[in-house]
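> Just the structure for this:
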Amino acid sequence: MCLRIVCIILCGLLTGDLRAQTGKDPVAENMLLYQRSIGGWPKAVNSIPVDYKKVLSETEKQVVVADSLHEDATIDNNATSREIIYLVKAYKTHQNKAYLDAAEKGIEYIFKAQYANGGWPQYYPEHNLYRGEITYNDNAMINVMNILQDITEGKNNFDQVNASIKKRAAPAVEKGVECILKTQLNTGGHLAVWCAQYNEKTLKPAKARAFELVSLSGMESVGITEFLMRLKNPSPQVKQAIQAAIDWFERSKIEGYNFVFIDDPSQPKGRDRVLVKEPGSTIWARFYDIDTNEPFFSGRDSVKKKSVAEIEVERRTGYAWYGNWPARLLAKSYPAWRKGLQN
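Take a look at the predicted model:
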């Protein structure tokens, strides 16, 4: 191969690499447009979920930017955390400083939103209804705590953020852990798991939407437990919290049943979701009564029911009333954590 051809190939490779470093990412570019002035992101605009893959016209871009002063920034449904995670990765790929700046502004939003007691609200600064409650629901608080822990450990592309942010991440995590320990529920004299949300002032379990009543959560408690297990050199209190949660998952599992969709022409949408016997299957309910530890269900009337069949079909088919959320935790994560403590 002649020298001229080699030079052409090398120049092409270098040029391609440079384009990758200094180019633009369409998804990241849209994230820049949707970022609220306070630093966080909305999960939806006018009740329409944000779609970062959508190609926006210049007029649409102007409308989005003009909307930036809205107070609808949230950590619900992965909002704000997904953008921060994506943008630091996009910065590493493209070396576009605007992406890192936006991610760091998002992290600053996380710092601003944290309560003095260590918890995070679902929305900030908006505070109406249940949006100001400390929110574990759908892993909202745990998502942002994982970002802060990644910053502390320099993992998952977060080694790129400003040193001043790194200094503030560890104390924020410590405060969050304190909140987690304070909100772990005690039933019958024993530590159990967590409710999906808490009053931001009293730290007492709180109700969110009409069908999300005060309870022991079989879903959100998994993410909380997994986060505690990633902490280096856990304190005796953290170890106790983890073990108590594991014990609760073990005694609260429902064996030999599954929650499945079935065709049902008598229903408005032609289907239903029912609890059926299924040998070998293990599931957990989303909500357990704090006093009795019995699963319960609630429709939009906010009345507790003992059976999922008792609530309206719209809620029965439109919410995760049962799931196998703790299965991997019990089978893999927890044994690995125990082994790590012994090493």
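
> you'd agree Trp321 is up against Tyr288?
No. At 11.7 Å, Trp321 and Tyr288 do not qualify as touching, with contact defined as CB atoms under 8 Å. Bear in mind the C-beta positions are built from the backbone N, C-alpha and C, glycine included.

> Break down the chain into its helices, ranges please.
3-22, 26-34, 58-66, 81-94, 97-113, 140-153, 163-183, 220-229, 236-252, 313-317, 327-328, 334-342 (DSSP state H).

> Out of those helices, which is closest to Pro265?
Proximity to Pro265 (CB to CB) singles out helix 313-317 among the helices of the chain, at 12.6 Å.

> In terms of secondary structure, what does that closest one contact?
Helices and strands touching helix 313-317, as assessed by 3 or more CB pairs under 8 Å, 6 or more residues apart in numbering; DSSP states H and E, comprise strand 271-285.

> in the protein, which ranges drop under the pLDDT threshold?
With pLDDT under 70 as the threshold, the chain has low-confidence stretches at 1-22.

> One more pass at 90, please.
Residues of the chain that meet the criterion pLDDT under 90 lie in 1-23, 45-48, 63, 67, 187-189, 342-343.

> okay, which residue is most central for it?
For the chain, Asn139 is the residue whose C-alpha lies nearest the centre (CA atoms, centre = their mean; 3.3 Å).

> I'd assumed Gly223 was in contact with that one.
Yes. Using CB under 8 Å, Asn139 is in contact with Gly223, at 4.3 Å.

> picking that back up, and of the helices of the chain, who's closest to Gly189?
With CB to CB as the measure, helix 236-252 is the member of the helices of the chain nearest Gly189 (11.5 Å).

> Report the buried residues of that closest one.
Residues of helix 236-252 classed as buried: Val238, Ala241, Ile242, Ala244, Ala245, Ile246, Trp248, Phe249, Ser252 (neighbour count, 16 or more other CB atoms under 10 Å).

> Asp51 is nearest to which of the helices of the chain?
Across the helices of the chain, Asp51 has its closest neighbour in helix 26-34 (8.4 Å, CB to CB).

> hmm, back to that, with Asn46 as the reference, name the closest of the helices of the chain.
Ranking these by their distance to Asn46 (criterion: CB to CB) puts helix 58-66 first, at 10.4 Å.

> just checking, what packs against that closest one?
Using 3+ CB pairs under 8 Å, 6+ apart as the contact criterion, the secondary-structure elements in contact with helix 58-66 are helix 26-34.

> Centre of the chain to the helix it packs on, how far?
The chain centroid and the centroid of helix 26-34 are separated by 21 Å, computed with CA atoms, centre = their mean, to the nearest Å.
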